[in-house]
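Trainee: based on what follows, work out the 3D shape:
(2 chains)
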Protein chains: 2
Amino acid sequence: MHIVQPGMEIDVLKENSKVAQQNFRNFKEHKVKSIDFMGSIGAGKTALIIKIAEKLRAKGVRVCAIAGDVTGVDDYSRFEKSGLKAFNCNTGHECHLDANLVRKSLNEIDLDDYDVVLIENVGNLVCPADFPLGTDYRVVVISTTEGDDMVRKHHDIFLHSDIAILNKMDIADAVGVDPEVIVQDYNRLTGGLKSIYKCSVRKDEGIDEIMSALKL
Amino acid sequence: MHIVQPGMEIDVLKENSKVAQQNFRNFKEHKVKSIDFMGSIGAGKTALIIKIAEKLRAKGVRVCAIAGDVTGVDDYSRFEKSGLKAFNCNTGHECHLDANLVRKSLNEIDLDDYDVVLIENVGNLVCPADFPLGTDYRVVVISTTEGDDMVRKHHDIFLHSDIAILNKMDIADAVGVDPEVIVQDYNRLTGGLKSIYKCSVRKDEGIDEIMSALKL
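Mentor: Purely as a prediction, here's the structure:
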């Protein structure tokens, strides 16, 4: 994140943390499960959320999505097109969602209508790490096309999330990436206390394991 | 970027701009060309810089790289392994290089030894846009694996860079992305005043056109 002045960063994070706790209580009061999907652009967050939502709806679970983006309605439109009720949340300029933006989105949503809210964060592997939104789980989605070094380069987001998802396993060979390097780096970084799940959203492989890890 | 307080953001950007101008003068005094490569993680910035540097060295041009990353030495090591002299520049926590970090790196570099300095920014399609480093050119590198919507989602970085490069053309079909959508969005956003160059670093296709656009 941008450190502007010593002390100032801490104030921002403290304020975010306070609002995140309000969001968390708001979700809980309405018995809603919530998940924050973080990760770089192109990791497959939108497609993964659509896939998980399909599986949830097939089980009769009421689900909606919050589409976080700097600008535009692309992810929002993809959600709606897939049949998933979505709420658009543009940051305007900011490189990440924060708890206050989510609080504003929640003003639009009647939480009594939903059991699960899936939040797609802005495509960015750095900044979202610092800003918890008040969800039950924080998930980081990476893909094999990003190379085998992203865990070594971006400690924070892997340390601040509950689980990691390695997507696009189906093209790992085509892009010349060895997924085991990523898995080993992840296990070393997290001391084996957290899990990384391999999947291919496009081939519908590994999604059930992810849902089970997220208690969905 | 993180807007902390009204007014505060402007101070930070002003200060950055001042130091960027110092860097620019420093480069010019030593007759050094400099280029800032921005883009998401996995776009292929490191591979592109290595490829350009190879071609420059083959022409007898003296070139070095500054490897910008939040943490670690992965890109630095890849540069050095390829025979490209590199200087590592870790931001520690920040999601982008800024002019001051580059100024510090330049203290380590004897600019009389080089004709060209290639700077790899942190893998991030959002924040680097706000922080010019004082280079001759700012380039944004994107790849087909990131989907066809990144221009629509990330106006700032395309508007703040001089040219755009669309890498991984060789796997556009495999990932189901139509490059023409990206090109059209780019041309619409920039009013046709800037150019986007398609390439495949892996196949060594389109690199000469990029170098010519950057007057290398």
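Trainee: low-confidence bits of chain A, can you list those?
Mentor: Chain A contains residues with pLDDT under 70 at A:1-10.
Trainee: for it, what spans make up the helices?
Mentor: Secondary structure of chain A by DSSP state H: the helices cover A:8-29, A:45-58, A:74-81, A:99-108, A:150-153, A:155-160, A:179-190, A:207-213.
Trainee: right, so the ones you listed: which one is the most enclosed?
Mentor: Most buried of those by mean neighbour count (mean count of other C-beta atoms under 10 Å in any protein chain shown) is helix A:150-153; its value is a mean of 23. Every C-beta, even on glycine, is put in place using the N, C-alpha and C of the backbone.
Trainee: which residues touch the nearest residue to residue A:66 once chain neighbours are set aside?
Mentor: Excluding the flanking residues, the one nearest residue A:66 by C-beta to C-beta, 6 or more residues apart in numbering or on different chains is residue A:119, at 4.5 Å. Contacts here follow C-beta atoms under 8 Å, 6 or more residues apart in numbering or on different chains; on that basis residue A:119 touches A:34, A:35, A:36, A:37, A:65, A:66, A:68, A:97, A:102, A:133, A:135.
Trainee: nearest spatial neighbour of residue A:70, skipping sequence neighbours?
Mentor: Closest to residue A:70 by C-beta to C-beta, 6+ apart is residue A:91, at 5.3 Å.
Trainee: again with residue A:104
Mentor: Computed as C-beta to C-beta, 6+ apart, the closest residue to residue A:104 that is not its neighbour in sequence is residue A:89, at 7.6 Å.
Trainee: what's the answer for residue A:37, then?
Mentor: residue A:45 (4.7 Å).
Trainee: would you check that the one you found makes contact with residue A:124?
Mentor: No - here residue A:45 lies out of contact with residue A:124, judged by C-beta atoms under 8 Å, at a distance of 10.8 Å.
Trainee: overlap in contacts, those two.
Mentor: Shared between the contact lists of residue A:45 and residue A:124 (criterion: C-beta under 8 Å, 6+ apart) are residues residue A:38.
Trainee: is it true that residue A:21 touches residue A:132?
Mentor: No - counting by C-beta under 8 Å, residue A:21 stays clear of residue A:132, with 9.1 Å between them.
Trainee: just want the most central residue of chain A.
Mentor: With distances taken as C-alpha atoms, centre = their mean, the residue of chain A nearest its centroid is residue A:37 (0.6 Å).
Trainee: coming back round to it: show the contacting residues for the residue nearest to residue A:37.
Mentor: Residues in contact with residue A:45 (C-beta under 8 Å, 6+ apart) are A:37, A:38, A:39, A:120, A:121, A:123, A:141.
Trainee: thought the third one was touching residue A:125?
Mentor: Yes - Residue A:39 is within contact range of residue A:125, at 6.3 Å (criterion: C-beta under 8 Å).
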